[in-house]
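Q: got a sequence here, can you model it:
(one chain, ligands or ions: 1)
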Amino acid sequence: MSEQKKNSTNGWTVQENGWTVPEVEETPSNGKVNVATVWLDGCSGCHMSFLDIDEKIIGLADLIQIVYSPLVDIKKFPGGVDVTLIEGAVSSDEDEEKVHEVRRNTKLLISFGDCAVTANVPAMRNQFKVDEVLNRAYIENATNNQEIPRFGLPRLLRKARPVHEIVNVDLFLPGCPPPSDAIYFVVGELLQGRIPDPKGKTRFGA
Ligand code: SF4
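A: Residues are numbered from 1 along each chain as shown. Modelled structure (predicted):
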């Protein structure tokens with residue numbers, strides 16, 4: 001669960017673990033559950049499955065508010081998020097920083113889809129060195145401008161890793177992607193105050 005704030009000065013917060021992190025603005029709940037979704041190294045298929053909830057999403061809209069997501073135009077991850085679903089593996093220094101930020105500001109964190117749960121497709125590059133991967137992508141497979149970009153891009157980590165290897169995860173929702181019924185079940189159970197067990201609703205590779 002999220003780390004507790006210890007004290008706060010000049011826009012920075014010192015946490016109990018000694019880390020100094022930027023203060024974040026908490027989103028008012030407006031009587032709803034604050035939900036965020038995050039897209040790391042994934043294909044966006046898990047988010048598409050979320051949208052496949054179709055008309056049932058209208059019912060959810062009465063109960064939850066999306067406070068951060070690639071589906072909405074909010075740039076900064078807010079504080080006080082009740083539930084966050086993370087799609088994708090942690091593949092770059094930017095991803096790593098993001099998951100720590102998300103964890104600090106989320107009460108219940110869900111590893112959303114196989115890439116988040118096991119690193120899945122992004123981990124296919126783990127058997128190669130980072131330079132070999134970049135060389136393959138930007139030199140060998142490029143027909144124009146054969147050059148590895150060195151500036152303005154996040155630095156790739158040595159390996160793509162599942163989210164729980166970086167921060168604590170509260171719930172795993174496997175599937176590639178998890179079926180929309182499974183996503184609806186999990187969100188619905190949480191709204192009822194129950195911790196869902198998605199076994200039987202989805203599985204690795206579903
Ligand atoms: Fe795409 Fe499957 Fe990874 Fe989801 S789990 S991001 S659908 S490859």
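Q: quick one: the strands in the protein?
A: In the chain, the segments counted as strands under DSSP state E are 5-9, 12-15, 20-22, 33-39, 64-68, 81-87, 90-92, 106-112, 156-161, 171-173.
Q: up against the ligand, what does the protein have?
A: Proximity of the chain to the ligand, by Cβ under 6 Å from any ligand atom, involves residues 42-43, 45-46, 87-88, 113-115, 120-121, 176-177. C-beta here means a position set from N, CA and C on the backbone, and glycine is covered the same way.
Q: is it possible to get a markdown table of those residues that adds neighbour count and pLDDT?
A: Listed next are the residues of the chain next to the ligand as a markdown table, based on neighbours: other Cβ atoms under 10 Å; pLDDT from 0 to 100:
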| residue | neighbour count | pLDDT |
| --- | --- | --- |
| 42 | 24 | 97 |
| 43 | 17 | 98 |
| 45 | 17 | 97 |
| 46 | 25 | 97 |
| 87 | 30 | 98 |
| 88 | 30 | 98 |
| 113 | 31 | 98 |
| 114 | 30 | 98 |
| 115 | 29 | 98 |
| 120 | 22 | 97 |
| 121 | 17 | 97 |
| 176 | 21 | 97 |
| 177 | 26 | 97 |
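Q: let me see the contact set for the residue lying closest to residue 106 once chain neighbours are set aside.
A: In space, not counting the residues next to it along the chain, residue 106 is nearest to residue 84; the distance is 4.2 Å by Cβ to Cβ, 6 or more residues apart in numbering. When contacts are counted by Cβ atoms under 8 Å, 6 or more residues apart in numbering, residue 84 touches 35-38, 68, 102, 106, 108-110.
Q: neighbour count added to these, as a markdown table?
A: Formatted as a markdown table, these follow (neighbours: other Cβ atoms under 10 Å):
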| residue | neighbour count |
| --- | --- |
| 35 | 24 |
| 36 | 24 |
| 37 | 21 |
| 38 | 25 |
| 68 | 22 |
| 102 | 21 |
| 106 | 29 |
| 108 | 18 |
| 109 | 27 |
| 110 | 28 |
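Q: return the distance of residue 89 relative to residue 139.
A: 24 Å (Cβ to Cβ, to the nearest Å).
Q: oops, could you answer that again for residue 72 instead?
A: For residue 72, the distance to residue 139 equals 37 Å [Cβ to Cβ].
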